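Asker: predicted coordinates and the sequence they were generated for:
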Amino acid sequence: CPTYGRGSGGKMALRDNFHSTVVAWLKVTLPLAALGILSTLFLVSRTVDPDAAIAGAEVDIADRVRAPRLTMPTWAGMTDDGAALTVSADDARPGRPDLEGASAQALRATLDTPDGGQVNVVARSGRMEPDGTRMTLAGNVVVTTSSGYRVTTDELVARMDRTGLSAPGDVAATGPLGTLDAGAMQIGQATGAPESYVIVFSRGVRLTYDPAP
């Protein structure tokens, strides 16, 4: 028995020495391996050319200074008669009050009237009057109404202070009654009934009656 006890103790001492040696080596090798991995990541990562980045930034800043603009602007307000008007665009540029108003590209407008109706307008471009009371939309103007009309025209004038959309030129429309062509169109408050809003076609109206089922 005493001989067995001494042999067991020697084996335990040997295991303890081996464990201590392994731990000591790991304390040295693991940090070195981590540093090696980090250095490899930095060496193989994509390099950035600071000169190229600065050159691109200078071109963009110069363009912005020469022609300042807003990206994805949105304007919202209420007309005097209580309609909610929202106008947004892909790009807008401020104007010079002494010459012309602001301009915008890819315009979208939504008019919600107090009687529950809605009018949506899209156009390629638009220009605001210097006094801010009117906006002229041009280029493939499309007007859709919640009453079922879809109108296309080349130009549309929108009032900003009160509900009023008018197309001074030819319009082509489809609606509940069929298809029609006219020389002008207006959307606004009904005569004698300001709480109601109507769409009026005028100047040589030609209607092809084809009501929906």
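Answerer: Sure, I can see it.

Asker: in the chain, what helix or strand scores lowest on average pLDDT?
Answerer: Taking all helices and strands of the chain together, the one with the lowest average confidence (mean pLDDT, DSSP states H and E) is helix 50-66, at a mean of 53.

Asker: who does the next helix or strand after it pair up with?
Answerer: Once the chain leaves helix 50-66, the next helix or strand it forms, by DSSP states H and E, is strand 70-71. The pairing partners recorded for strand 70-71 under DSSP bridges are strand 91-93 (antiparallel).

Asker: which outside residues touch the partner strand?
Answerer: Strand 91-93 is touched from outside by A67, P68, R69, L70, T71, M72, P73, A102, S103, A104, Q105, A106, with contacts defined as Cβ atoms under 8 Å, 6 or more residues apart in numbering. Heads up, the C-betas are built off the backbone N, CA and C, glycines and all.

Asker: run through this protein and note the low-pLDDT ranges.
Answerer: Where the chain drops to pLDDT under 70, the residues are 1-20, 22-28, 30-68, 95-100, 212-213.

Asker: tell me the strands in it, going along the chain?
Answerer: Counting by DSSP state E, the segments of the chain that form strands are 70-71, 74-78, 84-88, 91-93, 103-112, 118-128, 134-145, 150-159, 164-167, 171-175, 178-182, 184-190, 193-202, 206-209.

Asker: those strands: which one's closest to T21?
Answerer: Using Cβ to Cβ as the criterion, the shortest distance between T21 and those is 65.2 Å, found for strand 70-71.

Asker: quick one: residues contacting A89.
Answerer: M72, P73, A104, Q105, A106, L107, R108, G126.

Asker: need the contact list for R134.
Answerer: Taking Cβ under 8 Å, 6+ apart, we find R134 in contact with M128, V157, A158, R159, M160.

Asker: typo on my end, V198
Answerer: Residues touching V198, when contacts are defined by Cβ under 8 Å, 6+ apart, comprise I187, G188, Q189, A190.

Asker: buried subset of those as a PyMOL selection?
Answerer: This is how PyMOL selects the buried members of these, with burial counted by 16 or more other Cβ atoms under 10 Å:
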select buried, resi 187+188+189
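
Asker: redo the contacts of V198 as CSV? Include distance to T152.
Answerer: As requested, the contacts of V198 are exported to CSV (distance: Cβ to Cβ, whole Å):
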residue, distance to T152
I187, 14
G188, 19
Q189, 24
A190, 24
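
Asker: in contact with the closest residue to M72 other than its chain neighbours, which residues?
Answerer: Taking Cβ to Cβ, 6 or more residues apart in numbering as the measure, M72 lies nearest to D90, with 6.5 Å between them; neighbours along the chain are not counted. By Cβ under 8 Å, 6+ apart, the contact list for D90 reads T71, M72, A104, Q105, A106.

Asker: what's D90 sitting at in phi/psi?
Answerer: Its backbone dihedrals place D90 at phi -80, psi -30, with angles given as degrees, to the nearest 10.

Asker: quick check: A104 vs D170, distance?
Answerer: Separation of A104 from D170 (Cβ to Cβ, to the nearest Å): 24 Å.

Asker: which one's more surrounded, these two?
Answerer: Under the neighbour definition other Cβ atoms under 10 Å, A104 and D170 were set side by side, and A104 has more, 25 against 16.
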